[in-house]
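*Asks:* could you work out the structure for the sequence below:
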Amino acid sequence: MALAKTRRGDNRVDYWPGFVDALSTLLLAIMFLLSVFVLAQFLLSQEITGKDEVLNRLNSQIDELTSLLSLERTTKQDLEDSLANVSANLQDVEGEKSRLQSLLDSGAGVSEAAEARAGKLSEILSEERQLSQRARSQVELLNQQISALRRQIAALEDALDASENRDRESKTKIADLGKRLNVALAQRVQELNRYRSDFFGRLREILSDRSDIRIVGDRFVFQSEVLFSSGSGDLNPEGKTEMLKVAQALLTIGREIPDDINWVLRVDGHTDDIPLSGTGRLKDNWELSSARATSVVRYFISEGVPANRLVAAGFGEFQPLENADTDEARSKNRRIELKLTER
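*Replies:* The predicted model follows:
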């Protein structure tokens, strides 16, 4: 891999990558908020689905009871019509009986046939009276059943109203939960930004005499030549000296960060676009960038930094700072970036 001469004294701050990085942090925060919102919507849909099933079941029961009530009402009307007919027949029979009884009492040409007719009418009258009584009993029973159905429908409507009220309360609680999560997230982001500023402030003081170590946005950028030999994935002695300063600053600031802030130091390895020769143990720039990031992380661990607070990532040549086809651009692209961020 070609080595480029390091330009000394170039202390210009490149604000554009910092702006892009800030936008990336904002996008990550927005993605997290969207994830929380999707989770809340998923929980709400699960609860609403259960509510809908209960509501559908209650509505189905109400429809069935309404159908039964309509059927009972139709049956009641039929019985009332039959009762009216029986009553009319009863009145006719009673009128005929009265007429015949009058004839019998007068004795005016009444024959045995008339007496038989009167007896028959008495039997019919008794049957009609029994039928009328049965009809009245059935109508009374239907009235009781209709009252019971109405009470059941009223109870189901009350249960339906209660379920809708619980559904509204659940939606209110989920909305409130989302607001609290947003507030908590904003607080955590602000706290982490404060500790990130402290960490990078200390690193600026420690590394202020190095022109080959730059600040890009919220990241410290170390040129690979400072830390590694050409084509190597192992820290050289000078690289260990510089990384020791970072580890000590990280240990100091790490003790100040509250335990409930889930922070990590991300170590990103980058290379230029010149392929490796392929004769060493590293096959390509992917492996080289990953090996360099891992080497820095392992050194931090050896100096006491907790492993769960470190992340190593290799990007090969696919995240360049400069796209020009020059040695100077390639030198800038060969780098290690350190970023204090949230897990």
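*Asks:* correct me if wrong: Glu80 contacts Val139.
*Replies:* Yes: using C-beta atoms under 8 Å as the test, Glu80 is close enough to Val139 to be in contact (6.3 Å). (Each C-beta comes from the backbone N, C-alpha and C, glycine too.)
*Asks:* after the worst-scoring helix or strand of the chain on mean pLDDT, which helix or strand is next?
*Replies:* Lowest mean confidence among the helices and strands of the chain (mean pLDDT, DSSP states H and E): helix 15-106, at a mean of 72. As assigned by DSSP states H and E, the chain's next helix or strand after helix 15-106 is helix 112-206.
*Asks:* which helices and strands does that following helix pack with?
*Replies:* Here helix 112-206 is seen to pack against helix 15-106, helix 237-256, strand 335-342 when contacts are counted using 3 or more C-beta pairs under 8 Å, 6 or more residues apart in numbering; DSSP states H and E.
*Asks:* so how far is that helix from its chain's centroid?
*Replies:* Chain-centre distance of helix 112-206: 26 Å, with C-alpha atoms, centre = their mean, to the nearest Å.
*Asks:* what's the angle from that helix to strand 335-342?
*Replies:* Using axes from the mean of the first three to the mean of the last three C-alpha atoms, to 10 degrees, the inter-axis angle of helix 112-206 relative to strand 335-342 is 130 degrees.
*Asks:* what about Gly269, neighbour count?
*Replies:* Using other C-beta atoms under 10 Å, Gly269 has 29 other residues around it.
*Asks:* got the helices and strands packed on helix 112-206 as CSV, with distance to Ser147 and mean neighbour count columns?
*Replies:* Formatted as CSV, the helices and strands packed on helix 112-206 follow (distance: least, C-beta to C-beta, whole Å; neighbours: other C-beta atoms under 10 Å):
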stretch, distance to Ser147, mean neighbour count
helix 15-106, 10, 13
helix 237-256, 74, 16
strand 335-342, 65, 22
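*Asks:* mind putting the ones you listed into JSON lines with distance to Phe315?
*Replies:* Formatted as JSON lines, the helices and strands packed on helix 112-206 follow (distance: least, C-beta to C-beta, whole Å):
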{"stretch": "helix 15-106", "distance to Phe315": "14"}
{"stretch": "helix 237-256", "distance to Phe315": "19"}
{"stretch": "strand 335-342", "distance to Phe315": "9"}
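*Asks:* where's Val296, which helix or strand?
*Replies:* Element membership of Val296 [criterion: DSSP H and E] is helix 285-302.
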